[in-house]
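# Generate coordinates for the sequence data below:
(chains A and B)
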Amino acid sequence: MSTPFYVSPQQAMADRAEYARKGIARGRSLVVLQYADGIVFVGENPSRALHKFSEIYDRIAFAAAGKYNEYENLRIGGVRYADLRGYTYDRDDVTARGLANVYAQTLGTIFSSAGEKPYEVELVVAEVGDSPAGDQIYRLPHDGSIVDEHGSVAVGGNAEQISSFLDQRHRDGMSLAEALKLAVQALSRDTNGSEREIPAERLEVAVLDRTRPQQRKFKRIVGRQLSRLLEADTPSSTPTDAPSDEEPDESQE
Amino acid sequence: MEANPRSTGRLPAAFLTPGSSSFMDFLSDHSPDLLPGRRTLPPVQGAIEAPHGTTIVATTFPGGVVLAGDRRATMGNMIAQRDIEKVFPADEYSAVGIAGTAGLAVEMVKLFQLELEHFEKVEGTQLSLEGKANRLSTMIRSNLGMAMQGLAVVPLFAGWDVDREKGRIFSYDVTGGRSEEHGFAATGSGSIFARGAMKKLYREDLTEQQAVTLVVQALYDAADDDSATGGPDVARRIYPIVTVITEDGFRRLTEAECSDVARSILERRLEQPDGPRAALL
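Numbers count the residues shown, from 1 in each chain, chains lettered A, B, ... in the order given. Next up is the predicted model:
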């Protein structure tokens, strides 16, 4: 008769954390930055159909790195949660804080229950306020903790290096073009310090734009608008680069 | 209804079940009591007294479609509300106007708007106009029990078909039967009179401005002959709600625009109370 192998709880949790972290690190990084008129999401994503960023509710968006099927599931859960809450109470009663809490509980329960495989995802939930002071950005690692972030966040494979790069360079009140360029610069740095070029068609960019007249503030930036922003001369391009609101939300060019 | 009924605070399984992109399907799994169609009414004698909305009209023109409604809600002989709004945007490219029991209608519109938005967020793309019209059909059908007790909701749905590049109108009956209308359509108690007016005034080459005038004329005629439909109220500055949907999306005319149209019609009617005359032959 064989005795079951004893594994200390510490070791078990460390193994699970290691497993989740490795899974997340395989995915490409993405960054979320505050700029003067809102919050911008930038990531490298060769797919045009499988999004890393998406709309949850009027002012709330979601970004995720890691395993697609797992974060897609959480995203749809979040949309259902937000829509149900808004339907039951009022649209104003749906908040990023509430959503982040639910995600944290969900990830935390899955992480610590021995029967389930830990999710290999790291999420960002962001809500744009009426002014930059009202913006909220929450980062949710795989284990169910919540980190309240300000200014800039990076998640995914190379997150630590990118965050420190962004922390040094990000400042309040950047224009969209400036923030976007900084984000692309941060994403183009490899682990070994060398830089590579990320072409515009491999970038996925979305904004929560507080100046948008519609109730729903989320908008993808694609095609010509994206290349125009990337080519804009950074110092002189402050007021003109607000995204146009003529196009519908999900426009793809 | 809180999302996390259990103490763990974790999203319940229904939230994370992959599959349906429909908010109504999700509701019927997770909290069916929130669905309007699932309620059972206690047996009552006669019809239930509740405010009813009245006339909705729509017409297409080469660049889009116009949907408009009067502002009156009645309860028996009484005017329940003078400034009720019965025409709503359903999403960026469609609108819905509702005649029938006002309370149920507003709830149905709210759920319909959410259904379209939910699908758009989950799938990353909009439903086709036909798809939207069919969803509305399902919702009306689920209200059939209420309709049999006198609480019917009968909408008119209009939108810009992005694929076919034209404005389209769909009308419904209480059983959820859906039919596409060509040119113009009306629903509600004053619809007979409104339809008669539009039949004589409608042309295929209307401009947007003419189409707006046409629907306000039709509402005027409905109010003229139907006591439950409200005409333009100049003293209180209450004018019909007029919405236009084109390639550029949904737009609701401002109060000033509506008042201009209504006042110019009113002025002509002072001389000719029955409105413009169509050719005899």
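# Nearest spatial neighbour of A:D135, chain-adjacent residues omitted?
Distances taken as CB to CB, 6 or more residues apart in numbering or on different chains place A:G129 nearest to A:D135, at 5.0 Å, with adjacent residues excluded. The way it works is simple: take the backbone N, C-alpha and C, and place the C-beta from them, glycine included.
# Go ahead and flag the most central residue of chain B.
B:G97 (1.0 Å; CA atoms, centre = their mean).
# Going along the chain, name the strands of the stretch 101-250 of chain B.
Under the criterion DSSP state E, counting those that start in this stretch, the stretch 101-250 of chain B contains strands at B:153-161, B:166-172, B:178-181, B:184-187, B:241-246, B:249-252.
# can you check the stretch 151-253 of chain A too?
Counting by DSSP E, counting those that start in this stretch, the strands of the stretch 151-253 of chain A are A:152-155, A:203-209, A:218-221.
# can I get these in JSON lines with distance to chain B and mean neighbour count?
What follows is those, written out as JSON lines (distance: least, CB to the nearest CB, whole Å; neighbours: other CB atoms under 10 Å in any protein chain shown):
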{"stretch": "strand A:152-155", "distance to chain B": "20", "mean neighbour count": "27"}
{"stretch": "strand A:203-209", "distance to chain B": "12", "mean neighbour count": "24"}
{"stretch": "strand A:218-221", "distance to chain B": "9", "mean neighbour count": "25"}
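# So for stretch A:145-161, first residue to last residue, what's the gap.
21 Å (CA to CA, to the nearest Å).
# repeat for stretch B:143-161
Using CA to CA, the end-to-end distance of stretch B:143-161 comes to 27 Å.
# Give me the distance from that stretch to the chain's centre.
Averaging C-alpha positions (CA atoms, centre = their mean, to the nearest Å) puts stretch B:143-161 9 Å from its chain's average.
# about what we covered before: can you say which of the strands of the stretch 101-250 of chain B is nearest to A:E160?
Closest to A:E160 of the strands of the stretch 101-250 of chain B, according to CB to CB: strand B:249-252, at 43.5 Å.
# Quick one: name whatever helix or strand follows the closest one.
Per DSSP states H and E, the first helix or strand lying C-terminal to strand B:249-252 is helix B:255-271.
# which residues touch that next one?
Contact with helix B:255-271 is made by B:212-213, B:216-217, B:220, B:232, B:234, B:237, B:239-242, B:253, B:275-276, as judged by CB atoms under 8 Å, 6 or more residues apart in numbering or on different chains.
# Helices of chain B, start to end?
Secondary structure of chain B (DSSP state H): helices at B:13-16, B:23-30, B:102-123, B:129-142, B:144-148, B:191-201, B:208-225, B:255-271.
# Grab the nearest non-local neighbour of residue 36.
As the question left the chain open, I've gone with chain A. Closest residue to A:A36 apart from its sequence neighbours, by CB to CB, 6+ apart: A:G173 at 4.9 Å.
# You answered for a different chain; I wanted chain B.
Spatial nearest neighbour of B:P36, excluding adjacent residues (CB to CB, 6+ apart): B:E107 at 5.3 Å.
# Likewise for B:E120?
Of all residues not flanking B:E120 in the chain, B:Q126 sits nearest, at 5.4 Å (CB to CB, 6+ apart).
# try A:Y103
Once flanking residues are discounted, A:Y103 sits nearest to A:L140: 5.3 Å by CB to CB, 6+ apart.
# Kindly check the end-to-end length of stretch A:57-69 for me.
21 Å.
# hmm, back to that, for the contacts of helix B:255-271, which two are the farthest from each other?
Largest separation among the contacts of helix B:255-271 by CB to CB: B:R237 and B:P276, giving 24.8 Å.
# picking that back up, format the strands of the stretch 151-253 of chain A as CSV; extra columns: distance to A:A49 and mean pLDDT.
Converted to CSV, these look like this (distance: least, CB to CB, whole Å; pLDDT from 0 to 100):
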stretch, distance to A:A49, mean pLDDT
strand A:152-155, 21, 94
strand A:203-209, 11, 95
strand A:218-221, 12, 94
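# Reformat those as JSON lines; add distance to B:E180.
Formatted as JSON lines, the strands of the stretch 151-253 of chain A follow (distance: least, CB to CB, whole Å):
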{"stretch": "strand A:152-155", "distance to B:E180": "48"}
{"stretch": "strand A:203-209", "distance to B:E180": "36"}
{"stretch": "strand A:218-221", "distance to B:E180": "32"}
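# follow-up on the earlier one: state the number of residues packed around the residue nearest to A:Y103.
By other CB atoms under 10 Å in any protein chain shown, the residues close to A:L140 number 25.
# Same check on B:G9?
By the criterion of other CB under 10 Å, B:G9 has 15 neighbours.
# Apart from its neighbours in sequence, what residue is nearest it?
Excluding the flanking residues, the one nearest B:G9 by CB to CB, 6+ apart is A:Q105, at 3.5 Å.
# ok, that neighbour touching A:I146?
No. The criterion here is CB atoms under 8 Å, and A:Q105 misses it with A:I146 at 9.9 Å.
# Tell me the residue of the stretch 51-200 of chain A that sits nearest chain B?
A:Q105 (3.5 Å; CB to the nearest CB).
# For the residue nearest to A:D135, grab phi and psi.
phi -100, psi -180 (degrees, to the nearest 10).
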